[in-house]
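Enquirer: fold the following.
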Amino acid sequence: MKNFVACGLLAILLGTLWAHPVLAQSRLFSTDQSGFSLAAGFSSADDVSSIGAVIAVTAKARFDFGIAVSRLSFDSSVVGTDGTGVEIRPFVTWAVVRPTASRKLGVELAAGYAKGVFHSDGFRTEGWLQGRDALNVGANFYFRLRSSPGLVIYPGFSVDYVKFDLDGGLSQAQDDDATAYGLDLTFLMDENVFITPSYQSLGGEKSMGLSIGFLIPGT
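Expert: As a prediction, the model looks like this:
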């Protein structure tokens, strides 16, 4: 079985950070364009998986405001019985630097707060992970590479500082922080459909994910 903190880190990876690559959709919009984006995805790590959805509003291709909802599933090997969790995460991103024809690099700043609630007979018996709060602030770095008229590729790297509070219910509680690292590769097709495979690492725990979504451009 995994220990208390390992469960918490996995919950952060698959709850808070699974959607990290698809939160900053301003990079996919044309300059000064506003609109909406919708995405769904899944991620998995050792004995834990999650599915989730993201909705966001983009303003002038510079700011993203949105919310991500995730459902986590813990295998019985984690605490002896199967467990589930639900997490809600509001977030904001700011495109500080957008790529240009002469400069392919883009830079974004991001922040989010996540609240999770977890259910499992094993969790309750052990006094383990019954709730979790996490605050993350970080930066995304990416390149814009046009492959063809209907396909643009965005390879990216992210680094986040994560401050988390794990609630063990009975006697355990853990306040700590860690640094998360991520790699992602977004394929934007026909200017409105995107697919993003991603990799995330936090405190020795790792996860892989895949997200699919679409843009709804405005003015």
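Enquirer: show me where pLDDT drops low in this protein?
Expert: Counting by pLDDT under 70, the chain contains low-confidence ranges at 1-22, 76-82, 119-132, 166-175, 219.
Enquirer: tell me where it has strands.
Expert: Taking DSSP state E, the strands of the chain run over residues 35-45, 48-59, 63-74, 83-97, 105-119, 131-143, 145-148, 151-167, 173-189, 193-202, 205-217.
Enquirer: could you dump these to CSV with mean neighbour count and distance to residue 26?
Expert: Where C-beta positions appear, they are placed from N, C-alpha and C, glycine not excepted. CSV is the format used below for the strands of the chain (neighbours: other CB atoms under 10 Å; distance: least, CB to CB, whole Å):
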stretch, mean neighbour count, distance to residue 26
strand 35-45, 20, 9
strand 48-59, 20, 5
strand 63-74, 20, 5
strand 83-97, 18, 5
strand 105-119, 18, 8
strand 131-143, 18, 11
strand 145-148, 10, 17
strand 151-167, 18, 12
strand 173-189, 16, 12
strand 193-202, 19, 13
strand 205-217, 18, 10
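Enquirer: make a markdown table out of these and add distance to residue 28.
Expert: Below are these laid out as a markdown table (distance: least, CB to CB, whole Å):
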| stretch | distance to residue 28 |
| --- | --- |
| strand 35-45 | 7 |
| strand 48-59 | 8 |
| strand 63-74 | 10 |
| strand 83-97 | 11 |
| strand 105-119 | 11 |
| strand 131-143 | 10 |
| strand 145-148 | 13 |
| strand 151-167 | 7 |
| strand 173-189 | 5 |
| strand 193-202 | 6 |
| strand 205-217 | 6 |
